[in-house]
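Asks: Sharing a model that was predicted from the sequence below.
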Amino acid sequence: MSFQPLVDLNTGNVIAVETHTGPAATTTPSYRQPLREFDTAPGPQARIDPAEDDVRRALRAARATAELGTQLPLQLVLRTETVAQGNAILTTLHQGLLDTGRRPQEVIVCMSGGFAPAQRPAVSAALHGLHRAGYLIGFAGFGTVHAPLDLLIDSMPYLVKLDPELTRQASSDPRRSALVEALVGVAHRVGTQVLAPGLATEDQLVHLRALGVRLVQGPLLSGSDWRPGMRVTVPVPVERESGSSGSHRKHDLGPRVSEFTMPAVTMGLRATADDVLTVLNAEPGTTSVVLVDEHQRPRYTVDRTRFLLGISGAYGHALHAHKAAARLADAPRLVPKTVPAIAALRAAGKESERVYDDLVVIDEIGRCLGIVRVSDLIRSLAP
């Protein structure tokens, strides 16, 4: 079992964890490899349904992550063939994730591998079903798999994960670098995050950062023994460098809020202050916790600084620890995913006492999609 952090280069924080059920590896596996390379084969005579086995491995990964007690959002990878199976197999996945204590908005379901044109209706229907359930959608192997680009518009993914070989070679091959830059530009213009996996050298990281990549993975950042709660090493300053590409922001209204959305750490309304304290102590990079109802709609936000001040004061722990965390929370500052970032920044500035509180991004029916840090908006929009 191995765990890989998803690191935000703007802050240096871990924003999610990806769990692999195969042997620990120092590099990210290629999404074009056959499933059997990651299986623990039960025997030569066993006949295994690939989709069911894919889901079983995803659920094993979710259970292994749950055993570590982390509240970091979880990224799971499923093959396209599995996703195309539709409701029956995805219902098994959904129920299994609920059994581990994971809500849909805490899970990024990343689809890997291409598909034939005839499969598109089934794939699109399955992705829309996952989206309706509240899951964050991702595409793995972006740039090399056989999948139409307009699927980015139809399925509204949260992130696209570049092919590991493409990201590793971009710093030394101008043609691959141009391809990555084009893919990053397209993703940003449609409001999708870009994740670069498999980074092994500082040159690779610096180059991809200059192309506009914000989320990264790889052995450069964490070793094979990394676990949630451990720190990661980001070998470049977290401030945006002057040479960074910003061509995608030159359109009329500027970038949208979705470009800056990070997965939220969420808990139910019954969470106690002690539960929240455990989460904040385990993950130093967590700036807020969103308390959601049974429909995944945000009801409160717990700001890290104010919460820790409240519970660490005189008799604070004794007064609050075993009572509802909502007593130390505030009303969420909600922004729709489609609004321009500049409008969200202006809205944040209207409350003088909470100017730097995280904004909570919601979808069209009010469900939590993630958070936006005001500092990210300021850093990006400053002249």
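Replies: Cool, got the structure. Residues are numbered from 1 along each chain as shown.
Asks: Run through the strands of the stretch 101-250 of the chain in chain order.
Replies: Residue ranges of the strands in the stretch 101-250 of the chain, as given by DSSP state E, counting those that start in this stretch, are 107-112, 136-142, 159-162, 193-196, 215-216.
Asks: Helix or strand next in line after the shortest one, which one?
Replies: Per DSSP states H and E, the first helix or strand lying C-terminal to strand 215-216 is strand 266-268.
Asks: Figure out which of the strands of the stretch 101-250 of the chain is closest to residue 81.
Replies: strand 107-112 (9.9 Å; C-beta to C-beta). C-beta coordinates here come from the backbone N, C-alpha and C atoms, glycine included.
Asks: chain center to the closest one: distance?
Replies: Distance of strand 107-112 from its chain centroid, counting by C-alpha atoms, centre = their mean, to the nearest Å, is 9 Å.
Asks: Quick one: work out the angle between that strand and strand 136-142.
Replies: Counting by axes from the mean of the first three to the mean of the last three C-alpha atoms, to 10 degrees, strand 107-112 points 30 degrees away from the direction of strand 136-142.
Asks: Show the pLDDT at residue 127.
Replies: pLDDT for residue 127: 93.
Asks: residues contacting it?
Replies: Under the criterion of C-beta atoms under 8 Å, 6 or more residues apart in numbering, the contact list for residue 127 reads 83, 111, 137, 154, 155.
Asks: Give the burial count for the second one, as a bare number.
Replies: Meaning residue 111. By other C-beta atoms under 10 Å, 30 other residues sit near residue 111.
Asks: Then the fourth one?
Replies: Neighbouring residues of residue 154 were enumerated by other C-beta under 10 Å; the total is 13.
Asks: Of the contacts of residue 127, which is the nearest to residue 330?
Replies: Among those, and counting by C-beta to C-beta, the member closest to residue 330 is residue 137, at 29.6 Å.
Asks: list the buried ones in stretch 85-100?
Replies: The neighbour-count check on stretch 85-100 (16 or more other C-beta atoms under 10 Å) flags 85, 89, 90, 92, 93, 94, 96, 97, 100 as buried.
Asks: Could you pull up the residues touching residue 155?
Replies: Contacts for residue 155 (C-beta under 8 Å, 6+ apart) come out as 124, 127, 128, 131, 137.
Asks: Throw those into CSV and include distance to residue 169, thanks.
Replies: Below are those laid out as CSV (distance: C-beta to C-beta, whole Å):
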residue, distance to residue 169
124, 31
127, 29
128, 34
131, 32
137, 27
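Asks: Most neighbours out of the residues you listed, which is it?
Replies: Counting neighbours by other C-beta under 10 Å, residue 127 comes out on top of the contacts of residue 155 with 23 neighbours.
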